[in-house]
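# One predicted model, sequence on top.
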Number of protein chains: 2
Amino acid sequence: MTTASYDKYSFANLMTERRRMKQIQIAILGYGTVGTGVARLLMENGELLANRVGAKLRLKYVADIDTTTDRGLKLPEGVLIDDAAKAVADPDIQIVVETIGGEGIAKALIADALGAGKHVVTANKALLAKYGNDLIATAAGAGSDLAFEASVGGCMPIIKTLREALVGNHVNAMTGILNGTCNYIFTKIADEGIPFEEALAQAQAGGYAEADPTLDVDGFDTAHKLAILGALAYGMEINFDDIFIEGIRAVTPRDITYASQFGYVIKLLAISKNHGDRIEARVHPTMIPTGTTLAHVNGTLNAISVSTDASGDILLSGHGAGMLPTASAVVGDVVDLARNLLLGVTGRIPVLSYQTDTIRKLPVMPMDDIVTHYYFRFNAMDQPGVLSKISGILGDHEISLKSVHQKGRKSNGSVPLVMLTHRAREAAVNAALQKIAALDIVAGTPMLIRIEDQQGDQD
Amino acid sequence: MTTASYDKYSFANLMTERRRMKQIQIAILGYGTVGTGVARLLMENGELLANRVGAKLRLKYVADIDTTTDRGLKLPEGVLIDDAAKAVADPDIQIVVETIGGEGIAKALIADALGAGKHVVTANKALLAKYGNDLIATAAGAGSDLAFEASVGGCMPIIKTLREALVGNHVNAMTGILNGTCNYIFTKIADEGIPFEEALAQAQAGGYAEADPTLDVDGFDTAHKLAILGALAYGMEINFDDIFIEGIRAVTPRDITYASQFGYVIKLLAISKNHGDRIEARVHPTMIPTGTTLAHVNGTLNAISVSTDASGDILLSGHGAGMLPTASAVVGDVVDLARNLLLGVTGRIPVLSYQTDTIRKLPVMPMDDIVTHYYFRFNAMDQPGVLSKISGILGDHEISLKSVHQKGRKSNGSVPLVMLTHRAREAAVNAALQKIAALDIVAGTPMLIRIEDQQGDQD
């Protein structure tokens, strides 16, 4: 061997060689949309990832019961297997990416992987919302890490922001548009004036809504995400069951039109507020001022505004779903774990970014205690004394009105009567609306939409 | 000792006790606005931080030559010293927070601290933009970490997003509003129609602009930040010197009014685009469509949109300056480093989040090669043949017009003639404008404002 032969190996080549040799071995469980995206990103951006991590992220397995459907991706020989348990059991595998979804087999596989000391990355918000506390305990017990950036807001790094960037802040409030399907539907209704069912059908045709849209349009998916964010923001146990959930089916094009006349747009919001000894946690269609940045988040985009004691308001926005945006978040987590593994450390950040023994059980404020602004729409008979009767009942319940609008003239014997309130208590509002609904001068169920308007908070 | 005496120490108490005992020792150099904010956050949110980190973040020193001015904060006895070098030399100190600013003593102290194996957190963008490559080399050589989330965008976690969350993505472009002073001034001009000098004076009176506003209004501060972001986004050396910089002084209320008539707002933008073998990096007043989210980022807020191959567009927005928003970012960095120190690891993420030997020198595209849309405003004589002459010269340079507007009637013998172009090359635009400026039918210097309009990119 001559000196010349050494020269061929420049420092950079040598380093590249080293990175090829150091490996982190990864298994993806579930070869659906997200799993395919993760596999694609690990393969297509493999050189970039090696340059950043200093090791090769080697995709050893992609496990799925369906090993035949073409996903438009050429996995290396032997990577695609039909047995997820085999991947989890392989001692070579250091990071398990769960992209199966649902609460059955996914839960068992994650628990097995964590128990075996493997680190797990998942996008499974439904699972975390319901069984997250158990999985966190399993991870802590086994010294494994559990990462889930992709579970909320797709590629926008809200989990990392809460766990790391805002770590020195007390979170006061969070307001999020966390479901792209609902946001798409509201944008469609607002832009085209079509009813909910038609907008939903278009969303389904465009691939923005599932055949069974319940999880999305009835607010459950948003609530899953809010449960995760609340735990991270306040250092509390995940409490999906206590979140108030109201979906978007009842909102009509008419409400959206009226909202815009009052300077509002309607979004399905996840709202969380910190009251110290208890929190607000609610998901419902909400009017927000058109001047706010959130109001301009349209289509399938997600966004969240976080308000803290030191930072003030921070807003993040991005694609909350889709193959590659979700994969971007998953791969971010994989790299975080890989960087730990290469240094031989685990548990660098506790799962909720609070030391386990400081995690609290924080009660959620009952909806009756919520105080906010309201929009009401009644179908009222167009006759004298109606306004006096309705406003009398509201007054009896200490609900004071900011404005009253009779919209258009009689149709089917009734006219839409729209009211905006000053700040009022939800319990009083419900009691009053029940009495008003029982009046024979009011047809159908009154419509109630809550308003978040910090400008109007003085009222 | 009886069993009862053990009972007093519940598990939680014991853990709290342990956290008190484990300490990370911190020195803040510079007791100005940001230094005060960091000290305040470490003290006031000390319990929160201990609960998250699992150790006490102990502020051992705050060093400043001025030890007498009241900053409204009561530091423990012995913490405030006048000798920063003493703090850096103290072997107890593990993390040094530099909030002195400037490029003199701050640079020497950071280099000393890094060289001594201490980890450094800084918000000093000017220093990083000019000497960042050296400091990064010093850090790498000594095995120290250098963190600087607060150097760009205050509390909005753009550095963490680029280094970690988007680690698996190729960044295609970044567009940012990174200077609150300029954004405040543009917002004032747009809202009140006042000229630049008056808006600047108001900004200075309100504490949003320095007595010497050069760094801000002439675009240097924004360019410092863009230099840092470019290095992180593309894994390249910091190259402040090659960035094109044009400040906001020349923009008139009239331009802002015309912009709004064409559906645009004007912002001082940092623009970066990845062309593979070279990048665009430029700072200048820019027209953006009113429908974009960035257009709604007003007042002193900062925001940035990052576009990548996998995630699509991500937007972050928040307070880019101010005592506590900046401190929030600094403390986030301190916690990142503390979490490493508690595990005994350093260099978990390379400073630019790329392995050192993969950092490239990427050339910045000369402005002559930029292709974009343009807004021109000429003061033209109100006489026949003017439009034909001007458009003839533009045509000779292959600049095709999207629209032409004569604004109002003659004043001082000339009328404002406004033109919007299709995509054109900057070299051609400059050559044409030089010829047009020399015409005796055109008074004064033509105004040129570049337009970023993805919708219009097909044109």
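Perfect, thanks for sending it. Numbers count the residues shown, from 1 in each chain, chains lettered A, B, ... in the order given.
# wait, what's in contact with residue A:297?
A:177, A:183, A:267, A:303, A:317, B:293 (CB atoms under 8 Å, 6 or more residues apart in numbering or on different chains). C-beta: built from backbone N, CA, C; applies to glycine.
# can you count the residues close to the first one?
Burial measure for residue A:177: 27 neighbouring residues, criterion other CB atoms under 10 Å in any protein chain shown.
# Narrow the contacts of residue A:297 to those in strands?
Under the assignment DSSP state E, the contacts of residue A:297 contribute A:177, A:267, A:303, A:317 to strands.
# hey, which helix or strand in chain A has the poorest pLDDT?
Among the helical and strand segments of chain A, the one scoring lowest on mean pLDDT, DSSP states H and E is helix A:3-7, with a mean of 43.
# So which residues on the stretch 151-300 of chain A come close to chain B?
Residues of the stretch 151-300 of chain A lying close to chain B by CB under 8 Å from any CB of the partner chain are A:154-157, A:160-161, A:164-170, A:235, A:291, A:293, A:296-297.
# re the thing from before, tell me the one among the contacts of residue A:297 nearest to residue A:437.
Checking the contacts of residue A:297 against residue A:437 by CB to CB gives residue A:267 as the nearest, at 25.9 Å.
# helix/strand/coil for residue A:132?
Remark: residue A:132 carries the secondary structure label helix [criterion: DSSP: H, G, I helix; E, B strand; the rest coil].
# what about it, distance to chain B?
Residue A:132 sits 18 Å away from chain B, taking CB to the nearest CB, to the nearest Å as the criterion.
# What is the neighbour count of that residue?
Residues within reach of residue A:132, counting by other CB under 10 Å, total 25.
# what does residue A:136 give?
Using other CB under 10 Å as the criterion, residue A:136 is surrounded by 21 other residues.
# I'd say it and residue A:352 touch.
Yes - here residue A:136 reaches residue A:352: they are 6.8 Å apart, a contact under CB atoms under 8 Å.
# show me the residues around residue A:153 that make contact.
By CB under 8 Å, 6+ apart, residue A:153 lies in contact with A:176, A:178, A:225, A:302, A:304, A:316, A:318, A:320.
# nearest to residue B:424, of those residues?
Closest approach between the contacts of residue A:153 and residue B:424, by CB to CB: residue A:318, at 31.7 Å.
# got the contact list for the closest one?
Neighbouring residues of residue A:318 by CB under 8 Å, 6+ apart: A:153-156, A:301-303, A:325, B:311-315.
# at 7 Å instead, please
For residue A:318, the residues meeting the contact criterion (CB atoms under 7 Å, 6 or more residues apart in numbering or on different chains) are A:153-156, A:301-302, A:325, B:311-315.
# Same question for residue A:337.
A:95, A:119, A:121, A:145, A:147.
# how about these in CSV, adding distance to residue A:192 and secondary structure?
Listed next are those as CSV, based on distance: CB to CB, whole Å; DSSP: H, G, I helix; E, B strand; the rest coil:
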residue, distance to residue A:192, secondary structure
A:95, 45, strand
A:119, 46, strand
A:121, 39, strand
A:145, 46, coil
A:147, 40, strand
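# And those, which is closest to residue B:25?
The nearest one, if we look at the contacts of residue A:337 relative to residue B:25 and count by CB to CB, is residue A:145, at 27.3 Å.
# Quick check, pLDDT for the closest one.
At residue A:145 the predicted local distance difference test score is 98.
# Any figure for the gap between it and residue A:119?
Relative to residue A:119, residue A:145 is positioned 4 Å away (CB to CB, to the nearest Å).
# before we move on, what about residue A:41?
Residue A:41 sits 18 Å away from residue A:119 when distances are taken as CB to CB.
# picking up where we left off before, would you format the contacts of residue A:153 as CSV with pLDDT included?
Shown next, in CSV, are the contacts of residue A:153 (pLDDT from 0 to 100):
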residue, pLDDT
A:176, 98
A:178, 98
A:225, 98
A:302, 97
A:304, 98
A:316, 98
A:318, 97
A:320, 93
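# Mark which of the residues of the stretch 151-300 of chain A next to chain B are buried, thanks.
Buried residues within those, counting neighbours by 16 or more other CB atoms under 10 Å in any protein chain shown: A:154-157, A:160-161, A:164-169, A:235, A:293, A:296-297.
# Where strands are concerned, which of those count?
The members of these all map outside strands under DSSP E.
# Among those, give me the pair with the biggest separation.
Using CB to CB for every pair in those, the one that comes out farthest apart is A:235 and A:296, at 31.8 Å.
# list the buried ones in the helix ranked longest in chain A?
Under DSSP state H, the helix in chain A containing the largest number of residues is helix A:323-343. Burial within helix A:323-343, assessed by neighbour count using 16+ other CB under 10 Å, is assigned to A:323-341, A:343.
# Show me which residues of the next helix or strand after it are buried.
Past helix A:323-343, heading to the C-terminal end, the next element that is a helix or strand (DSSP states H and E) is strand A:371-381. By 16+ other CB under 10 Å, the buried positions in strand A:371-381 come out as A:372-381.
# now stretch A:109-118
Residues A:109-114, A:118 are the ones in stretch A:109-118 that count as buried (16+ other CB under 10 Å).
# Just send those residues back as CSV, with distance to residue B:22 too.
Converted to CSV, those look like this (distance: CB to CB, whole Å):
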residue, distance to residue B:22
A:109, 35
A:110, 31
A:111, 31
A:112, 33
A:113, 30
A:114, 26
A:118, 28
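# So which of these belong to strands?
In this view, the buried residues of stretch A:109-118 have no member that belongs to strands under DSSP E.
# Contact partners for residue A:182?
Under the criterion of CB under 7 Å, 6+ apart, the contact partners of residue A:182 comprise A:216-217, A:248, A:268.
# what about chain A, any weak spots by pLDDT?
A:1-20, A:409-412, A:456-459 (pLDDT under 70).
# and the angle from the strand or helix carrying residue A:27 to helix A:323-343?
Here residue A:27, judged by DSSP H and E, is contained in strand A:23-29. Strand A:23-29 runs at 140 degrees relative to helix A:323-343, counting by axes from the mean of the first three to the mean of the last three CA atoms, to 10 degrees.
# And the contacts of the following helix or strand past strand A:23-29?
Sequence-wise, the next helix or strand downstream of strand A:23-29 (DSSP H and E) is helix A:33-44. If you take CB under 7 Å, 6+ apart as the criterion, helix A:33-44 is touched by A:26, A:28, A:57, A:59, A:62, A:71, A:73, A:75, A:97, A:99, A:123, A:323-324, A:326-328, A:330-331, B:168, B:310.
# And the strands in the stretch 151-300 of chain A, which stretches?
Assignment of strands within the stretch 151-300 of chain A using DSSP state E, counting those that start in this stretch yields the ranges A:171-177, A:244-245, A:264-274, A:279-289.
# just the helices in the stretch 101-250 of chain A please.
Ranges of helices within the stretch 101-250 of chain A are A:105-115, A:125-142, A:158-160, A:180-192, A:196-205, A:214-217, A:220-234, based on DSSP state H, counting those that start in this stretch.
# Figure out which of the ones you listed is closest to residue B:53.
Each of the helices of the stretch 101-250 of chain A was checked against residue B:53 via CB to CB, and the shortest separation belongs to helix A:220-234, namely 15.4 Å.
# Show me what that closest one is packed up against.
On a contact count with 3 or more CB pairs under 7 Å, 6 or more residues apart in numbering or on different chains; DSSP states H and E, helix A:220-234 meets helix A:125-142, strand A:171-177, strand A:264-274, strand A:279-289.
# Residue A:186: neighbouring residues, count only.
Residue A:186, neighbours per other CB under 10 Å, totals 23.
# was I right about residue A:128 contacting residue A:150?
No - taking CB atoms under 7 Å as the contact criterion, residue A:128 and residue A:150 are not neighbours in contact, 10.8 Å apart.
# For the two, indicate the residue with more neighbours.
Neighbours were tallied for residue A:128 and for residue A:150 using other CB under 10 Å; the higher tally belongs to residue A:150 (30 against 26).
# What distance do you get for that one to chain B?
As it turns out, when the distance is counted by CB to the nearest CB, residue A:150 lies 11 Å from chain B.
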